[in-house]
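Q: When you get a sec, could you give me coordinates for this:
(one chain, ligands or ions: 1)
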Amino acid sequence: MIRLRPIAACAALCACWPLFAADPKKEEADALKACAEAVLKGFRKIADTRDQRFQGKVSEANALCRGGYRTLQFRNTPWVDWSNYWGTADSNSIPQLLVKNAPAQRGVLGALTDLEFQRIELVKFNLFDNNGTYSEYVQGRDGVGGPALKRWDAMRLPADHPSYKDVGGDGAQVCQGALIRFRNVDGTCNDVVNPAMGSAGQMFARNMEFDTTFPDAGQNELVRNRHGDRLGLLKPDPQLISRKLFTRTQSNADACRAGQGISADSIDSNCDYQKAPFFNVLAAYWIQFMTHDWFSHMSEGHNDDSQWMEAGCTSEEAQRLGCRPGDRIDRGYVAQDSAPAAFTFNNRQYLSRAPKTFRNTNTAWWDASQLYGYDSVSRRRVKRDPNDTAKFLLTSTDGKGTLPTFSAGDPVVPQWQGQEAAAFADNWTIGISFLHNVFVREHNAFVDAFEKQAQKTPNSDCGLRNPADARRVIRYTDVTPDELFEVARLVVAAEIAKIHTIEWTPQLLYDEPLYRGMNANWNGLLGPDGGGVSKVLADIVTKNFGKSTDVVKATQWYSVFASGPGIFGLGSKINGYDVSKPEHVNGGVNHFGSPFNFPEEFVTVYRLHPLLPDLIEFRDLSEPNKIATKVPIVSTFESQATPAMRSRGIQNWAVSLGRQRLGLLTLNNHPLFLQNIAIPRLKSETGKIDLAALDLIRDREHGVPRFNEFRRQYGLRQLTSFDDFMDQRLPADSPARKPQQEMVANLREIYGTHVCDASKAITDAQRNGDGTPINDCLGHANGSTVDNIEDVDTVVGWLAEQTRPHGFAISETQFVVFILNASRRLFSDRFFTSSFRPEFYTTMGVNWVNNNGPAAMVEKGSPNGHVQPVSPFKRVLLRAIPELQTELAGVVNVFDPWARDRGQYYSIDWKPRGGAESDPAFKQQ
Ligand code: HEM
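A: Numbering: from 1, shown residues only. This is a model prediction of the structure:
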């Protein structure tokens, strides 16, 4: 009989280890037998149809092999199995008594295998382009299967585009010459044969079957069976949900004053929030900074302000909780809302796009457009230094000033006046100001280094080439200020992508499988930190695709998953690379048959407003262990950030944002200031909006499927009641159960229950285990009362998830969206693949990106068992703000709270490092 030790009570972010068997030797013997059995049974095949796909749940033998009895115990929950494998959590997940490291290795490799299966199937089943290419994706063209297509008419430039003639006009369009040298402001010509792909104004894509989107409209029988008539734009009331499920509970409301604090500068202010121990406020701002690069539904800081709509708060109960019936918001822009064309293929009917589409007004590329611009108007907000136009303008000439403010004549809407100048100027507060200032300094630091080299060796080859005259060597001295500005943009954009991939994400997902997975994406599978991933991929590739005669499997998929060198730089190392040949310049990209853009569902899982605290614990770098005062974030909104940055000092903001923990992504943890934010442009009696409620309204406007169908569409297990949100790993007497039970009760109160009808099928994305359709009863008896779990708004659902892999600041539902889209963002961009070359970046630029600066540096010791370079963001910060040298000395990952002791293997304990013992933050919960 299997005997398990009881689990200790644990917080939301820990996977509740240890839970080993009483006899570990026997457990390992059983596990090894199970491994043999799993091998005999053979490798899992990639699903042919989406209702057969891998749901992150493995066979009993694999579960036992990779994680022992514990993994078996939780196989029946809706949540992925790998988070219970050995080695995937902190040191307690490594069974030391057993053969050293072997079980942990199996666990980690098992987790990586599961993640690869998920990624492959996500690529296969979740790509739905809204720009007019979807019918070809389904039907193929000229005998080539849709997923193997690489060029689309829908990605041509229109006749009124300024570059129309240059790319070939009416004929075959190919970008060339000046158009392919750098990142164009509007994002055109990243893919040289699909000039419009990813450019500003293209439609957001979808990751969900089109006929599943817009559930409120009840378009088909499955949707109507799933939701009855229970959904609407304001149904259930978004402000009621906000006040009941999103509000932070305060121990002393008067000290918080809805996020305003006692005053703009009072040490006695206090706003309680739930904190993540291993992620800092800088990380919260980092992701807002990223979203400002990737996407926006808005135009110049507003939506369709010719139409104003109500925002809920209709019931007395809602009003009693403090919401505002007088709030109004401008309707979201809609690009197309006519009935989409339908087509039939292989006896199945398809829609050619979603019933409504929306434009991404930003460039979808990871091109640092928040700094450099995404259209001609935003570009005019970028201020260059008149004394050296290769540089950004800063307020002092020593390169260490701050950004200048907007001046008269700059194209800005009234609410941005007085702000520091930036291409993407919306929703500006102190953290965004900080990051813009840092990366502008980094841009100028690169320019300085290049110009210094140009002075030293003016006549040597800098590596750059002009495709229009590819043989001509370009010497350092030949590079014009405009060219150098654009080279520096390429470098800064690549540094940002690198920081995000190998520094921010491994701290967001703080465990060994994700550390290895993310490093493999960037550095290659054979690099020291990609170790093990190459074996996983080799197995999947050879056993699934290697011998396939299917065009898609044998070509496209194979090339992707055999990508030994990593995604970054893929296709850049071919012999005889010729910058005048489009097949070389563009040869490394892979769009998997669907032009790249972000899907609406991606925006949904980035609605991360709970990450922010209400108050910044402000510190002075000269006395970092002391919280000098508390600054309400709202007191730094828009132009108020300018004096805050200038008078308080960037080095002090650095240590303040670096030391403070960010907010947990969980229910009842939204910043109070965002629920009550005053936005002067709003035409309403309150002049305020509840942003937490607005997040729900926008998702409903955009037709994002509700949480349970969202999970099914992404190949995750559905939930069958609100109780499934509870963490099953908690022992019956754990005190952590009570708040979770209260959460379940609140969900039930808001979303309700109904008497189910088993004759009504509700989805075709998945089936029951016995092959029957999933019906309204979700496995409960016909006619019984079931939870309206199908109606839960997706943001509410992922915030309610209590069962997460170790060290995950996000939920597994959000994570699955990232697995797909974060890889595509790299695979599709030629500047990260085949155009990552000196011909575009200069030799110095390539080295700068690879070495995280002018020369490579290695971090002390081997954090979590890995020898690693000094992190890319630490290097950037040390260049931009050299005063941080001492504070950052012991920091391995800039997004881990700077004074935290990282402890042993992926510890998430909240303990001070040596020298920070007196920091009062360690006395807080
Ligand atoms: C003080 C900080 C912030 C302020 C004042 C702010 C404010 C806003 C506002 C006013 C909107 C537009 C709502 C609409 O009309 O649709 C918005 C959207 C959004 N925010 Fe924030 N936000 C802040 C921080 C963050 C952070 C930290 C994240 C994390 C990723 C984030 C992610 C988003 C996303 C994804 C959207 C949707 C954008 C779109 O639809 O294109 N925000 N925010």
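
Q: OK, contacts around the closest residue to residue 232 other than its chain neighbours?
A: Nearest residue to residue 232, sequence neighbours excluded (CB to CB, 6 or more residues apart in numbering): residue 216, at 5.7 Å. C-betas here are computed from N, CA, C, even on glycine. By CB atoms under 8 Å, 6 or more residues apart in numbering, residue 216 lies in contact with 231-233, 700, 703.

Q: Low-confidence stretches in the stretch 1-150 of the chain?
A: For the stretch 1-150 of the chain, the stretches with pLDDT under 70 are 1-22, 97-100.

Q: In it, which residue sits nearest the ligand?
A: Residue nearest to the ligand within the stretch 1-150 of the chain (CB to the nearest ligand atom): residue 130, separated by 15.2 Å.

Q: So what's the residue count around the closest residue to that residue other than its chain neighbours?
A: Once flanking residues are discounted, residue 130 sits nearest to residue 203: 4.0 Å by CB to CB, 6+ apart. Applying other CB atoms under 10 Å, we find 21 residues neighbouring residue 203.

Q: Per-residue pLDDT of the closest residue to residue 267 other than its chain neighbours, please?
A: Leaving out its chain neighbours, the residue that sits closest to residue 267 by CB to CB, 6+ apart is residue 629, at 5.0 Å. Residue 629 is assigned 97 on the pLDDT scale.

Q: Ok, residue 181 next?
A: In this model, residue 181 carries a pLDDT of 98.

Q: Report how many residues lie close to it.
A: Using other CB under 10 Å: residue 181 sits among 22 other residues.

Q: Leaving aside the residues adjacent along the chain, what's closest to residue 326?
A: Per CB to CB, 6+ apart, closest to residue 326 is residue 685, 4.1 Å.

Q: what's near enough to touch the residue nearest to the spatial centre of the chain?
A: When CA atoms, centre = their mean is applied to the chain, the residue found nearest the centroid is residue 818 (5.5 Å). Taking CB under 8 Å, 6+ apart as the criterion, residue 818 is in contact with 505, 605, 810.

Q: Those in helices, which ones?
A: 505, 605 (DSSP state H).

Q: measure the residue nearest to the centre of the chain to the ligand for me?
A: 12 Å (CB to the nearest ligand atom, to the nearest Å).

Q: so how many other residues sit close to the closest residue to the ligand within the stretch 51-200 of the chain?
A: Nearest residue of the stretch 51-200 of the chain to the ligand: residue 200, at 12.8 Å (CB to the nearest ligand atom). Neighbourhood size, residue 200 [other CB under 10 Å]: 23.

Q: ditto for residue 494
A: For residue 494, using other CB under 10 Å, the count is 25.

Q: one step back: quick check: the residue of the stretch 1-150 of the chain closest to the ligand touching residue 213?
A: No. With contacts counted by CB atoms under 8 Å, residue 130 stays clear of residue 213, the gap being 10.0 Å.

Q: tell me, what's touching the two both at once?
A: With CB under 8 Å, 6+ apart as the test, residue 130 and residue 213 both reach 206, 354.

Q: and residue 343, helix, strand or coil?
A: strand (DSSP: H, G, I helix; E, B strand; the rest coil).
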